[in-house]
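A.B. asks: predicted model and sequence follow; I will ask about them next.
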Amino acid sequence: MSLLPKEFLDAHHHFCDTSKNGTTFHKFLAKLLPDSSYLADDYRRDVINPLEEAGIKFQGSIHMECLPDDGINEVNWITNSIIQDSPSNSRGIIKGIIASCNLAQDILIVENELQQLSQVDRVRGIRWILDCVGGFDGKNATHIATTRNDCIDYLRGSDGGYDGQVVPSFEQGFALLEKYNLTFDLQCAPAQLVAASELCSKYPNIKVVIDHLGKPKSLLGADIEENRNNTKLDETELTVWREGMKCIAKNKNVYVKISMLGYAIPGWIRTEARIELMKSLVRETVEIFGPKRCMVATNFHIDTATSDSGGLSDVG
């Protein structure tokens, strides 16, 4: 009996082309990935063709925003350049789009953007990256995307402080998602999950999808030669993640993506012991949420290793 699925819908991947868009709506991304492109043909080569060669029917994908300066312009580019202008065998790849919108902006601006985005056929939801445990230093769990807003913790902070309360302006924008029937992709650090749970419980009609397994980071430490045989998980990080995931899973409007496994355990495919630890983490996630609230995603945007680990490993 084959253990492979019969079909696959990729719940999260990215297209970008900073060589063409780096002076318009992808200026921020161009600083991180100058003259970089990952488009439909690349995705077909890396994801679709291998799936089909393995006998797995590819059902489509969800395109995830890729840190644009202007979410509406990025959606228009995806719609016009990728969906409409691609060769016929690539035109049907994208079944849905998760767009970018800074929900903490002036509420009139937020509403105007959400209104425009909701009118685009394939737009299904919004993501605004929230991973923040302090200032960005490239080592902690704070995502570089939060530097766009001075690393404010919108889930636990007020006016940039950490007083345990969601920033009011962000909550106002988040609440508008229900009006426009849009979902929210929650990308945050494990330490923020409890606060995120409180927000989700206040708005049960807004569907929320946790990105990348809830983002536990480097549970076995760095993927370096002298650490390759380590099988002792970081219990402190694991406990924070586990308590946060169990808390937020109580909200039936919350789902989770099983993706970016290499961020949780960089180099997880190197040894059988690491593979088993990764399997146990995935199984625990499924047990917490139940299989009907879990989905699988590739996060493809550059290459296998980077897409899997966020740059923490050179394998994936």
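C.D. replies: That came through, no problem.
A.B. asks: which stretches of this protein form strands?
C.D. replies: 7-13, 16-17, 37-38, 57-64, 94-100, 123-127, 183-186, 208-210, 254-258, 294-296 (DSSP state E).
A.B. asks: who's in contact with the second one?
C.D. replies: Defining contact as Cβ atoms under 8 Å, 6 or more residues apart in numbering, one finds that strand 16-17 is touched by 26, 29, 33, 36, 37, 38, 39, 66, 301. Heads up, the C-betas are built off the backbone N, CA and C, glycines and all.
A.B. asks: check the last one too.
C.D. replies: Identification of contacts with strand 294-296 by Cβ under 8 Å, 6+ apart yields 8, 9, 10, 11, 209, 255, 256, 257, 258, 259, 285, 286.
A.B. asks: buried ones only from those residues, please, as a PyMOL command.
C.D. replies: Burial among the contacts of strand 294-296 is assessed by 16 or more other Cβ atoms under 10 Å; the matching PyMOL selection reads:
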select buried, resi 8+9+10+11+209+255+256+257+258+259+285
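A.B. asks: ok, of the contacts of strand 294-296, which one's closest to residue 234?
C.D. replies: residue 285 (16.8 Å; Cβ to Cβ).
A.B. asks: distance of the most centrally placed residue in the chain from residue 20?
C.D. replies: Nearest residue to the geometric centre of the chain (Cα atoms, centre = their mean): residue 211, 4.0 Å. Remark: distance between residue 211 and residue 20 (Cβ to Cβ, to the nearest Å) = 26 Å.
A.B. asks: and residue 160, what pLDDT?
C.D. replies: Residue 160 is assigned 57 on the pLDDT scale.
A.B. asks: picking that back up, from the contacts of strand 294-296, which single one is nearest residue 46?
C.D. replies: Distances from residue 46 to the contacts of strand 294-296, taken by Cβ to Cβ, are shortest for residue 10, at 11.0 Å.
A.B. asks: name the nearest residue to the closest one, sequence neighbours excluded.
C.D. replies: Excluding its sequence neighbours, the residue lying closest to residue 10 (Cβ to Cβ, 6 or more residues apart in numbering) is residue 61, at 4.0 Å.
A.B. asks: distance of the one you found relative to residue 95?
C.D. replies: Taking Cβ to Cβ, one finds residue 61 at 6 Å from residue 95.
A.B. asks: what sits against residue 64?
C.D. replies: Listed by Cβ under 8 Å, 6+ apart, the contact partners of residue 64 are 12, 13, 14, 98, 127, 185, 299.
A.B. asks: quick one: which of those residues is nearest to residue 173?
C.D. replies: So of those, ranked by how close each gets to residue 173 (Cβ to Cβ), first place is residue 127, at 12.6 Å.
A.B. asks: tally of neighbours for the closest one?
C.D. replies: Residue 127 has 24 neighbouring residues, counting by other Cβ atoms under 10 Å.
A.B. asks: what's the answer for residue 222, then?
C.D. replies: The tally of other residues near residue 222 (other Cβ under 10 Å) stands at 14.
A.B. asks: residues contacting it?
C.D. replies: Per Cβ under 8 Å, 6+ apart, neighbours of residue 222: 266, 312.
A.B. asks: and residue 81, what's its pLDDT?
C.D. replies: At residue 81, the pLDDT value in this model is 85.
A.B. asks: ok, residue 46 next?
C.D. replies: 96.
A.B. asks: show the pLDDT at the closest residue to it other than its chain neighbours.
C.D. replies: Counting by Cβ to Cβ, 6+ apart, residue 46 lies nearest to residue 300, which is 6.0 Å off, once chain neighbours are set aside. Predicted confidence (pLDDT) for residue 300: 96.
A.B. asks: cool, and residue 164?
C.D. replies: Residue 164 is given a pLDDT of 77.
A.B. asks: okay, now the unreliable bits of the stretch 51-200 of the chain?
C.D. replies: 85-91, 158-163 (pLDDT under 70).
A.B. asks: 80 instead, please
C.D. replies: The model of the stretch 51-200 of the chain has pLDDT under 80 over residues 83-91, 158-164.
A.B. asks: hey, where'd the helices end up in it?
C.D. replies: For the stretch 51-200 of the chain, the helices defined by DSSP state H, counting those that start in this stretch cover 71-77, 88-91, 107-118, 168-179, 193-202.
A.B. asks: how about TSV for these, with mean neighbour count and distance to residue 308 added?
C.D. replies: Below are the helices of the stretch 51-200 of the chain laid out as TSV (neighbours: other Cβ atoms under 10 Å; distance: least, Cβ to Cβ, whole Å):
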stretch	mean neighbour count	distance to residue 308
helix 71-77	20	23
helix 88-91	12	23
helix 107-118	16	29
helix 168-179	19	29
helix 193-202	20	22
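A.B. asks: need these in JSON lines with distance to residue 235, can you?
C.D. replies: Compiled in JSON lines, the helices of the stretch 51-200 of the chain are given as follows (distance: least, Cβ to Cβ, whole Å):
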{"stretch": "helix 71-77", "distance to residue 235": "39"}
{"stretch": "helix 88-91", "distance to residue 235": "45"}
{"stretch": "helix 107-118", "distance to residue 235": "40"}
{"stretch": "helix 168-179", "distance to residue 235": "32"}
{"stretch": "helix 193-202", "distance to residue 235": "17"}
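A.B. asks: cheers, nothing more for now.
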